[in-house]
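**Q** the following comprises the amino acid sequence and a computationally predicted model.
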Amino acid sequence: MQRFWGLLALIATLPLLAFNHAAETAPLVSLGKGTLSQVVWSPDGSVLAVSGSNGIYFYDAETLVELHHIDTGPLITSIAFNPDGTLLAAGSADEVFARQESWRRFSPWGSQHNFVYIFDAASGEELAAIECGDSYITRVQFSPDGTRLAAASMYPDNNGIRIWDTANFQPVQQFTEHTYGVFALDFSPDGRTFLSGGGDNTARLWDLASGQLDRILMYRVSAKLKVFSVDFNSQDADMVAIAGGEYSHDIPHPVLEIWDVPRGELLRSLEGHSSDVEVALFSPNGALLASGGGTPDNNIQLWDVNTGSLLHTLNGHRAGLRSLVFSPDGSKLASVGWDAALYVWDVENGKQLMSLETHTSSIWSAAISPMGDWLVSGGDDGLVRIWDFATGKPLATLNTATNRVTALAINPVTNEIAAATDQPDASIQIWNTVSGEQLRTLNGHTAFAQAAAYSPDGRWLATGGSLGDNTVIVWDAASGEQRYSFSGHTRSVKSLAFGPDEALISGDGRGTIRVWDPDSGELIHTLVGHTCAVNALAVNPAGDLLASGGCDQSILIWNLASGEITARSTPFSGTITQLSFDAVGTTLLASDDEGNLWLLDGISAQTRMQSHVDDNEVQSIQTNPSGAFWLASAAASGVLNVWKIQQE
């Protein structure tokens, strides 16, 4: 961390971006390599390929040195080498499906970027792009002889499973009997049948010659079973592994089973994971089964197939597993998870051999330092990363040991970081940016905080709870002691800001704004003007005006003394996400969830200029004394883009 402060001097050499050219200019810097969805080993064992929100990366399997990268554009959900390793197939989807929340993965929403791509594995050249309707692709797989390519998709109304001839990549078969999305598929070792698993409580066996359903191998009556993984044992074609979760009141319970296919009998149920099982596969020699648990289990387990005994539990991932693959010789196991980490393990002793943590999980929060010198981000991996704008690399990584970071704030005086977390305890963690030491843990919210803000003098920290908690807590920043807990909001607290005399302003998911007296803890004003969630608040430097913006696509200016609306602006097409006054209060910068920016008059809220900088949500805006605005955009992709904008 000592080099961190020395690098700040380099920032001054970075160019400024004039506002009216923002749409034509690339980001000052892009941070992170994006989320990961699947890892595959090349047939010759020399390459590990990983897919995710930023395309496909190829790494040397012995060193994890990056070999090359395919920038695909859309999120890549699944990849597969053909048997001789010359081709790589990839399935795609909208970026939103990079997040791990179950409602995104299982919702009936469609997707627009749904293709199966074929690449030359050596050069990365795109050889074919097959459009696949309105359903995002969940899995791609080549047949053992390489003559067929199969793809599974989320929704059955778009031909849940499709088969193409790899000679010309023309469609040859479609299977649509699943009544919910298909998450998993695998060909039998002889290539005559394949098994699929879906969200309709079933695993189904299909006959390729007839194009018909052979049988429903597994079915749970009156259960909410989702089958996430199916795998044939290559050394015993009668044996398959089926993994998933039974969702009772949306709480996943693990399913990990070994079945006899010809007899349709359950051979063994393996118990060891504490949540749903996202992936299971047999080793190349068929003697072992590897399984990966979802969040909050986060563990890999290695099983003896013949006895069902647990051999090793591999700990390291900070979020649920997404993909596992054995090396061709079976001596190693590679894993990727929702934490965007890539690990390689020794199968015999269960020890970690290599790790790669340059990829980044879906980002939930970001904060730019008061001087616009550095940035912190947090997301699905439970990590807080401190980024260097000059190199684009993290200077430090702080592990909260939780499933995700939901809000961040930087103390303007001490530069300490407040990180709000979700599971297991919805705590607020305070970190020292120089030493990387966790200083305090603040407990008080019953649900994770969605908003956090420090007072201008750094004495107080305010945090706002999500739905079910709905409270605002003010903490003594030095001691961590709770000063006040404000109740009254009936929805999640979405935004916070400190005003004059440290008055605290909070906005909620219903569209209500409340102004609190920090000395007495009493409510000063309830401001009603928005029709839905207030996501952004900003107080001008004079302390007399408040700007608010929300999902009703409007910005309101309020007189803080009287609580009256003094100006209204509604030229916006998206949800307002961030607001910031300049150093003198004459200009207000606003952003939305579609990457648009507006320069507004700081008093009348009239639009002076509009520009588009990114397709992602702007998550942080910071004004420094020179009058420049720093802004950072981030989304499910796990990549942060940073701009510095100077008014002309």
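**A** Yep, that arrived. Numbering: from 1, shown residues only.

**Q** gap between K393 and G574?
**A** 31 Å (C-beta to C-beta, to the nearest Å). (Glycine included, C-beta is placed from N, CA and C.)

**Q** output the longest strand belonging to this protein.
**A** Across the chain, the longest stretch assigned as strand under DSSP state E is strand 236-248.

**Q** contacts only, for R215.
**A** With contact set as C-beta atoms under 8 Å, 6 or more residues apart in numbering, R215 has these partners: R204, L205, G264.

**Q** quick check: the last one vs P254, distance?
**A** Distance, G264 to P254, using C-beta to C-beta: 22 Å.

**Q** got it, and the first one?
**A** With distances taken as C-beta to C-beta, R204 is found 21 Å from P254.

**Q** next: T623.
**A** In terms of C-beta to C-beta, T623 sits 49 Å off from P254.

**Q** so in terms of bridging, what pairs with H312?
**A** In this entry, H312 is beta-bridged to L302, by DSSP bridges.

**Q** separation between it and P254?
**A** 17 Å.

**Q** other SSEs contacting whichever strand or helix holds F228?
**A** In this assignment (DSSP states H and E), F228 forms part of strand 225-233. With contacts taken as 3 or more C-beta pairs under 8 Å, 6 or more residues apart in numbering; DSSP states H and E, strand 225-233 sits against strand 182-187, strand 193-198, strand 202-207, strand 236-248, strand 277-282.

**Q** pick the most buried one from the ones you listed.
**A** strand 277-282 (a mean of 27; mean count of other C-beta atoms under 10 Å).

**Q** show me where pLDDT drops low in the stretch 151-300 of the chain?
**A** 155-159, 222, 250 (pLDDT under 70).

**Q** neighbours of K393, how many?
**A** 12 (other C-beta atoms under 10 Å).

**Q** I'd guessed it sits against W387; true?
**A** Yes - using C-beta atoms under 8 Å, K393 is in contact with W387, at 7.4 Å.

**Q** any common contacting residues for these two?
**A** By C-beta under 8 Å, 6+ apart, K393 and W387 have these common neighbours: L31.

**Q** what's the burial count for G308?
**A** G308, neighbours per other C-beta under 10 Å, totals 14.

**Q** quick one: contacts for the residue nearest to it when sequence neighbours are not counted?
**A** Nearest non-adjacent residue to G308, counting by C-beta to C-beta, 6 or more residues apart in numbering: R268, 4.8 Å away. Counting by C-beta under 8 Å, 6+ apart, R268 touches E257, I258, G308.

**Q** between these, which sits nearest T400?
**A** E257 (34.2 Å; C-beta to C-beta).

**Q** element containing that closest one?
**A** strand 251-260.

**Q** that strand packs against which elements?
**A** strand 212-219, strand 236-248, strand 265-269, strand 277-282, strand 288-293.

**Q** how about 10 Å then?
**A** Applying 3 or more C-beta pairs under 10 Å, 6 or more residues apart in numbering; DSSP states H and E, one finds that strand 251-260 contacts strand 202-207, strand 212-219, strand 225-233, strand 236-248, strand 265-269, strand 277-282, strand 288-293, strand 300-304.

**Q** out of the ones you listed, which is closest to L523?
**A** Using C-beta to C-beta, these put strand 236-248 closest to L523, at 40.6 Å.

**Q** strands paired with the closest one, and their directions?
**A** strand 225-233 (antiparallel), strand 251-260 (antiparallel).

**Q** walk me through the domains of the chain.
**A** What automatic domain parsing lists as the domains of the chain is 1-32+361-443, 33-356.

**Q** output these as TSV; include the columns distance to S495.
**A** As requested, these are arranged in TSV below (distance: least, C-beta to C-beta, whole Å):
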stretch	distance to S495
domain 1-32+361-443	10
domain 33-356	21
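
**Q** of these, which is nearest R491?
**A** domain 1-32+361-443 (15.9 Å).

**Q** for the strand or helix carrying Y343, what is the average pLDDT?
**A** Counting by DSSP H and E, the element that carries Y343 is strand 342-346. The average pLDDT for strand 342-346 rounds to 98.

**Q** try stretch 481-498
**A** Per-residue scores along stretch 481-498 average to 94.

**Q** export it to PDB, keeping only CA atoms.
**A** The C-alpha coordinates for stretch 481-498 follow below in PDB (Å, rounded to 0.1, in the frame of the first residue of the first chain):
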ATOM      1  CA  GLU A 481     -20.800   3.900  18.000                       C
ATOM      2  CA  GLN A 482     -24.400   4.300  16.900                       C
ATOM      3  CA  ARG A 483     -25.600   7.900  17.400                       C
ATOM      4  CA  TYR A 484     -29.200   7.700  16.000                       C
ATOM      5  CA  SER A 485     -31.400   5.300  14.200                       C
ATOM      6  CA  PHE A 486     -34.100   7.000  12.200                       C
ATOM      7  CA  SER A 487     -37.300   5.200  11.300                       C
ATOM      8  CA  GLY A 488     -40.200   6.300   9.200                       C
ATOM      9  CA  HIS A 489     -39.300   5.200   5.700                       C
ATOM     10  CA  THR A 490     -41.700   2.500   4.400                       C
ATOM     11  CA  ARG A 491     -39.400   1.300   1.600                       C
ATOM     12  CA  SER A 492     -35.600   0.700   1.200                       C
ATOM     13  CA  VAL A 493     -33.400   3.700   1.800                       C
ATOM     14  CA  LYS A 494     -31.900   4.300  -1.600                       C
ATOM     15  CA  SER A 495     -29.900   7.500  -1.200                       C
ATOM     16  CA  LEU A 496     -28.300   9.700   1.500                       C
ATOM     17  CA  ALA A 497     -26.700  13.100   1.700                       C
ATOM     18  CA  PHE A 498     -25.500  15.500   4.400                       C
END
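
**Q** off-centre distance for it?
**A** How far stretch 481-498 lies from its chain's middle: 26 Å, per C-alpha atoms, centre = their mean, to the nearest Å.

**Q** likewise for stretch 196-210?
**A** 29 Å.

**Q** how long is it end to end?
**A** Stretch 196-210 stretches 16 Å from its first residue to its last (C-alpha to C-alpha, to the nearest Å).

**Q** just stretch 411-424 next, same as before
**A** Note: stretch 411-424 ends 25 Å apart using C-alpha to C-alpha.
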